[in-house]
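# give me the fold of what follows.
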Amino acid sequence: MSELHAHILVIEDDPTIRHFVRLTLQTEGHEVHEADTLRRGLIEAGTRRPDLVVLDLGLPDGDGVTFIREFRNWSTTPVIVLSARSAETDKIEALDAGADDYLVKPFGAGELMARVRAQLRRHLHQAPNGDSLIAFGDLELDLVKRQLTRRGEVVHLTPIEYKLLTYLAGQPDRVITHSQLLKAVWGPGHAEDSHYVRVHMANLRKKVEAHPSMPRHLLTEVGVGYRFLH
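The predicted structure is shown next:
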């Protein structure tokens, strides 16, 4: 799959929005398939095996979160949610279910395509290539040596900081919720202890970011979680 020509499934019941999204994606050279219900979306996803899914949450025969949960039983393909629901609880529910990003309606073509490009890049880079190094800024994360270096000098990380960084860096451009980080780093018994994440992320930023108050790599998604950028 070329990043410039991906197969994208759009699941949206509003014909005007569906048409806008389809034209925007086709302008970038992507092949677009459409569905207007949850059931049809699952059928199309199973038969088309798309490279990316763009999903509305408010479908006539069910909630888009149900699609995400069922889809995640057999696919790791990125899902970008489009929704008029702007509450943090709705974003968190969709992201915890397995969505990769979330756009609130109304949105512009430029913003949509930036998110699409980011998810396709991430999906492409997940292909097994034996690469154990993640480079960002002037830093290099070595997953074999389990260490972070800046211009060859080792940056000391605590075990928790290392786990946080590797989990986030392993899923660049994806919004990771506080709950997902807590389960991955501290275990399922700490699902409500979001203050753990904030404290350790603040310490990690001091070691990773040139300007911790204006981070370039470890970005906060307010009220939701974090996103790693190269």
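# next structured bit after the helix or strand bottoming out on mean pLDDT in the chain?
None of the helices or strands of the chain scores lower by mean pLDDT, DSSP states H and E than helix 109-125, at a mean of 86. Next in sequence after helix 109-125, counting helices and strands by DSSP states H and E, comes strand 133-136.
# which residues in the chain form helices?
With DSSP state H applied, the chain shows helices at 15-27, 38-48, 64-71, 88-97, 109-125, 159-169, 178-185, 194-208, listed in chain order.
# what angle separates the fifth one from helix 15-27?
This means helix 109-125. Counting by axes from the mean of the first three to the mean of the last three Cα atoms, to 10 degrees, helix 109-125 lies at 60 degrees to helix 15-27.
# give me the buried positions along helix 109-125.
Judged by neighbour count using 16 or more other Cβ atoms under 10 Å, the buried positions of helix 109-125 are 112, 115-116, 118-120, 122-123. (Glycine included, C-beta is placed from N, CA and C.)
# same deal with the first one?
Using 16+ other Cβ under 10 Å as the test for burial, helix 15-27 gives 17-18, 20-22, 24-25.
# for it, list the C-alpha coordinates in CSV.
Listed next in CSV are the C-alpha coordinates belonging to helix 15-27 (Å, rounded to 0.1, in the frame of the first residue of the first chain):
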residue,chain,number,x,y,z
PRO,A,15,-25.0,12.0,2.9
THR,A,16,-23.7,15.6,2.8
ILE,A,17,-20.8,14.9,5.2
ARG,A,18,-20.1,11.5,3.5
HIS,A,19,-19.9,13.2,0.1
PHE,A,20,-17.6,15.9,1.5
VAL,A,21,-15.3,13.3,3.1
ARG,A,22,-15.3,11.2,0.0
LEU,A,23,-14.3,14.1,-2.3
THR,A,24,-11.6,15.2,0.1
LEU,A,25,-10.1,11.8,0.3
GLN,A,26,-10.3,11.2,-3.5
THR,A,27,-8.6,14.5,-4.1
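# separation between Leu148 and Leu164?
Look at Leu148 and Leu164: by Cβ to Cβ, to the nearest Å, they are 12 Å apart.
# neighbour count: those two, which is higher?
Using other Cβ atoms under 10 Å, the more surrounded residue of Leu148 and Leu164 is Leu164, with 26 against 23.
# re the thing from before, distance from the chain centre to the least confident helix or strand of the chain, please.
Chain-centre distance of helix 109-125: 10 Å, with Cα atoms, centre = their mean, to the nearest Å.
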